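1. Next come a sequence and a model predicted from it.
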Amino acid sequence: MNARLIWRKSMNVTMLSLTGLCALLTVSALFFILGYLMWNGGKDLSWNFFTRLPAPVGEVGGGMANAIVGSLKLLLLAALMGVPIGLLGGVYLAEFGGRTVPFLVRYTADLLNGVPSIVIGIFAYALVVMPMHHFSTLAGGFALGIMVIPTVLRNTESFLRDVPSALREGSFALGANKWKMVATVVLPAASRGILTGVLLALARVAGETAPLLFTAFGNRYWSPGWMQPTSSLPVIIYTYATGPYEDWHRQAWAAGLVLLGLVLVTNILVRTFLSGGTSFERS
Amino acid sequence: MATSPNAATPADLTWSPRALLRRMRSADEIAHLVTFVAAATLLLITVLLVYQLWVLSAEARTKFGWSFFVTKIWDPVAGDFGALPFIYGTLVTSAVALVIAVPLGVGGAIFLAELAPPKLSSSLTFVSDLLAAVPSVIYGLLGVFLLVPIMRTTVQPALKKTLGFLPLFQGPAYGIGFLTAGIVLAVMIVPFVLSVSREVLLAVARDQREAALALGATKWESTWKVVVPAARIGIFGSVFLALARALGETMAVTMVVGNNPRIAASLFSPGYSIAAVLANEFSEATGNLYLSALIELGLVLFLLTFVLNGLARILIVVTTARGSGVLPT
């Protein structure tokens, strides 16, 4: 009996420490990734990196200004397309919808969210690139915009639902009609949560490479307007990392550090300052 | 539901003229319509996505039929297209990823849900969520320059020495290949397993734990024999979800899998995956049949993840009864 008790107790301690080790290993991966990127990419970051065009192969120096601007343009397009549709759709689900349609939309949104990003790229290729017969910033922005919609929609809905119904009733009691109630009472009350969702969705697509490979493609120079192929940070990291030149590899590390820094800083700021401060706790 | 009944509150009736009331009602209708159109756009996009994949893959589907899925040859020059090496590679890399990620993720989730003090648990979950936000091309970058050399010089020779009698660990150590891609994928999906499993474990009623402890079970026994079984359906859900992610993951796999359409038992062998072949060949595909075969691969990938995600969501909804609101996005 005693031996069995000792066995059970030692089993207890061993397994529980193992679970702790699992958690520790998982979490330490982030610090390792960040540290390794800083170590490798930090030394190649310079003012030129942010202001110059890529140097021709074999020439030292040069930067990624066109990729940074390209990424920003793509994100702008994605936001212009994805945020209004996602936001209004979320309002419909939470405030106007009946039973069947919202269920269908919710389920579809979750499925669309799980579609591999490369398949979204094929879709954007079929819908935008094929009719236009060339790659463009527009097509890339369209692909990213599609990826933004389901996240923003589901997030908006869930934050709207967390707004206490007393606020809605109060606004009705004051004589507001429904759209006025939604626009002036419910949406402002949920605005921090909604903004969180929007920013996290944009941070996520900012790092997407696969849907841009055959929509925005790439460009060694500036991309004027919206109808030309454009360079972007994730795609240039991929091209440079898989390319044959030592200099490209160093630039890829630097670009990786910039991209990871942007994504992580956005995530940390948004998660700590916005979502932590909502007045209605998410359960 | 076309008009909101609330537009006609008594307050309106008493002081406002009929015209104003009508105008307000129609404003509600407009708002309803506009938001409905936005929601319907999402449905439209999804339907259109499926339609496009189906129509654009028509040429390959009619030419190859079901044999597309069992043909091993991928020769764009000769016009022979078979999906088997890609499907095989996708499944093998994802399986390797699951074998590594599920114990790690579930173990970590047990620690976070059952053992860690709430503050520690929430900050570790925060870090794990950040890990899920790291772009996949970053994983690819680390894979190419850090993991591949380590695999070639250290891990693969060591595996060959100890487990070399298994066909899984034979052949030359290139560094790239199924095993390396699987390891990179594992790191990428662990945060998903971890955070969803944690949610599911936390949803198990407190009484269950207390009852087990009151019967004299140790903490581990109460966790492993009571809490985990109660949450197992949801944990399966988290695994499916992670599997769907792994199957569709593109960049990290493309960068380390070796990009060689071949079927080999050894995990050291370079291979290919559906997503990787799309990333590499789509923009250079010449000819309609080539493009159509690639799009059919995209359709296969879409259907695979579609089914898995659907299953995962049902399983998670069943256990947490909270819907997919808990899923990380």
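-> Arrived safely.
2. Next to chain A, which bits of the stretch 201-329 of chain B? Give me the list.
-> B:218-221, B:224, B:241, B:244-245, B:247-251, B:254-255, B:275, B:278-279, B:282-283, B:295, B:298, B:301-302, B:305-306, B:308-310, B:313, B:322-325, B:327, B:329 (CB under 8 Å from any CB of the partner chain). Bear in mind the C-beta positions are built from the backbone N, C-alpha and C, glycine included.
3. Let me see the mean pLDDT of the strand or helix carrying B:L179.
-> Secondary-structure assignment from DSSP states H and E places B:L179 in helix B:178-202. Here helix B:178-202 scores 94 as its mean pLDDT.
4. Name the next helix or strand downstream of that helix, please.
-> Past helix B:178-202, the next helix or strand by DSSP H and E is helix B:206-214.
5. Give the buried residues for that next one.
-> B:209, B:212 (16 or more other CB atoms under 10 Å in any protein chain shown).
6. Check stretch A:80-91 too.
-> A:81-91.
7. Show me the contact partners of stretch B:135-152.
-> Here stretch B:135-152 makes contact (CB atoms under 8 Å, 6 or more residues apart in numbering or on different chains) with A:33, A:36-37, A:40, A:206-210, A:234, A:237-238, A:241-242, A:249, A:252-253, A:256, A:259-260, A:263, B:173-176, B:179-181, B:183-184, B:187-188, B:249-256.
8. Now with 6 Å, please.
-> A:207, A:209, A:234, A:237-238, A:241, A:256, A:260, B:173, B:175-176, B:180, B:184, B:188, B:251-252, B:255-256 (CB atoms under 6 Å, 6 or more residues apart in numbering or on different chains).
9. need the buried residues of stretch A:80-91 in JSON lines with secondary structure, can you?
-> Putting the buried residues of stretch A:80-91 into JSON lines (DSSP: H, G, I helix; E, B strand; the rest coil) gives the following:
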{"residue": "A:M81", "secondary structure": "helix"}
{"residue": "A:G82", "secondary structure": "helix"}
{"residue": "A:V83", "secondary structure": "helix"}
{"residue": "A:P84", "secondary structure": "helix"}
{"residue": "A:I85", "secondary structure": "helix"}
{"residue": "A:G86", "secondary structure": "helix"}
{"residue": "A:L87", "secondary structure": "helix"}
{"residue": "A:L88", "secondary structure": "helix"}
{"residue": "A:G89", "secondary structure": "helix"}
{"residue": "A:G90", "secondary structure": "helix"}
{"residue": "A:V91", "secondary structure": "helix"}
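10. Let me have the residues you listed in JSON lines, extended by distance to A:L174.
-> Output for these, formatted as JSON lines (distance: CB to CB, whole Å):
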{"residue": "A:M81", "distance to A:L174": "36"}
{"residue": "A:G82", "distance to A:L174": "34"}
{"residue": "A:V83", "distance to A:L174": "30"}
{"residue": "A:P84", "distance to A:L174": "28"}
{"residue": "A:I85", "distance to A:L174": "31"}
{"residue": "A:G86", "distance to A:L174": "29"}
{"residue": "A:L87", "distance to A:L174": "25"}
{"residue": "A:L88", "distance to A:L174": "24"}
{"residue": "A:G89", "distance to A:L174": "27"}
{"residue": "A:G90", "distance to A:L174": "24"}
{"residue": "A:V91", "distance to A:L174": "20"}
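11. Now do the helix or strand where B:P149 lies: distance to the chain's middle.
-> Secondary structure from DSSP H and E places B:P149 in helix B:148-150. Relative to its chain's centre, helix B:148-150 lies at 26 Å (CA atoms, centre = their mean, to the nearest Å).
12. Next: stretch A:7-17.
-> Worked out by CA atoms, centre = their mean, stretch A:7-17 lies 41 Å from the chain centre.
13. That stretch close to chain B?
-> Yes - using CB under 6 Å from any CB of the partner chain, stretch A:7-17 reaches chain B at A:8, A:12, A:15-16.
14. Can I get stretch A:113-129 in CSV, CA atoms only?
-> Extracted in CSV, the C-alpha atoms of stretch A:113-129 (Å, rounded to 0.1, in the frame of the first residue of the first chain):
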residue,chain,number,x,y,z
ASN,A,113,-11.4,32.4,-41.6
GLY,A,114,-9.9,28.9,-41.8
VAL,A,115,-9.4,28.8,-45.5
PRO,A,116,-5.6,28.6,-46.3
SER,A,117,-4.3,32.0,-47.3
ILE,A,118,-2.9,30.6,-50.5
VAL,A,119,-6.4,29.6,-51.6
ILE,A,120,-7.5,33.2,-51.0
GLY,A,121,-4.6,34.1,-53.3
ILE,A,122,-6.0,31.9,-56.0
PHE,A,123,-9.4,33.5,-55.6
ALA,A,124,-8.0,37.0,-55.9
TYR,A,125,-6.0,35.9,-58.9
ALA,A,126,-9.1,34.6,-60.6
LEU,A,127,-11.2,37.6,-59.8
VAL,A,128,-8.8,40.5,-60.2
VAL,A,129,-5.6,39.4,-61.9
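15. So for it, mean pLDDT?
-> 94.
16. is any part of that stretch close to chain B?
-> Yes - residues of stretch A:113-129 contacting chain B under CB under 6 Å from any CB: A:114, A:116, A:118-119, A:122-123, A:126.
17. What is the nearest of those residues to B:V317?
-> For the residues of stretch A:113-129 next to chain B, the closest approach to B:V317 (CB to CB) belongs to A:G114, at 14.4 Å.
18. Name the helix or strand for the nearest residue to that closest one once chain neighbours are set aside, please.
-> What sits nearest to A:G114 in space, not counting adjacent residues and going by CB to CB, 6 or more residues apart in numbering or on different chains, is B:N309, at 3.7 Å. Using DSSP H and E, B:N309 falls within helix B:288-320.
19. how big is the angle separating that helix from helix B:178-202?
-> Computed by axes from the mean of the first three to the mean of the last three CA atoms, to 10 degrees, the angle separating helix B:288-320 from helix B:178-202 equals 30 degrees.
20. Please identify the buried residues of helix B:288-320?
-> Here helix B:288-320 shows B:289-302, B:304-306, B:308-313, B:315-317, B:319-320 as buried, counting by 16+ other CB under 10 Å.
21. Ok, stretch A:105-123 next?
-> For stretch A:105-123, by 16+ other CB under 10 Å, it's A:105-106, A:108-123.
22. any idea how far whichever residue of the stretch 1-150 of chain B sits closest to chain A lies from B:S283?
-> Of all residues in the stretch 1-150 of chain B, B:P135 sits closest to chain A, with a separation of 2.5 Å (CB to the nearest CB). Separation of B:P135 from B:S283 (CB to CB, to the nearest Å) stands at 20 Å.
23. just to confirm, which helix or strand has the residue nearest the centre of chain A in it?
-> In chain A, the residue lying closest to the centroid (CA atoms, centre = their mean) is A:R204, at 1.3 Å. Assigned by DSSP H and E, A:R204 belongs to helix A:191-206.
24. Also B:L98?
-> Here B:L98 is assigned to helix B:84-110, by DSSP H and E.
25. Okay, now the unreliable bits of the chain?
-> Going with chain A. Applying pLDDT under 70 to chain A flags the ranges A:1, A:275-283.
26. not what I meant, chain B
-> B:1-17, B:19-21, B:23-24, B:320-329.
27. Next, count neighbours for residue 189.
-> All of this is about chain A. Neighbour count for A:A189, taken as other CB atoms under 10 Å in any protein chain shown: 19.
28. Please refer instead to chain B.
-> B:I189 has 27 nearby residues by other CB under 10 Å.
29. thought it was touching B:A242?
-> Yes - counting by CB atoms under 6 Å, B:I189 touches B:A242, with 4.1 Å between them.
30. hey, what's in contact with both of those two?
-> If you check B:I189 and B:A242 against CB under 6 Å, 6+ apart, no residue is contacted by both.
31. Residue in the stretch 151-283 of chain A with the shortest distance to chain B?
-> A:G207 (2.5 Å).
32. picking that back up, got the angle between the helix holding B:N309 and helix B:84-110?
-> Interaxial angle of helix B:288-320 relative to helix B:84-110 (the same axes, to 10 degrees): 20 degrees.
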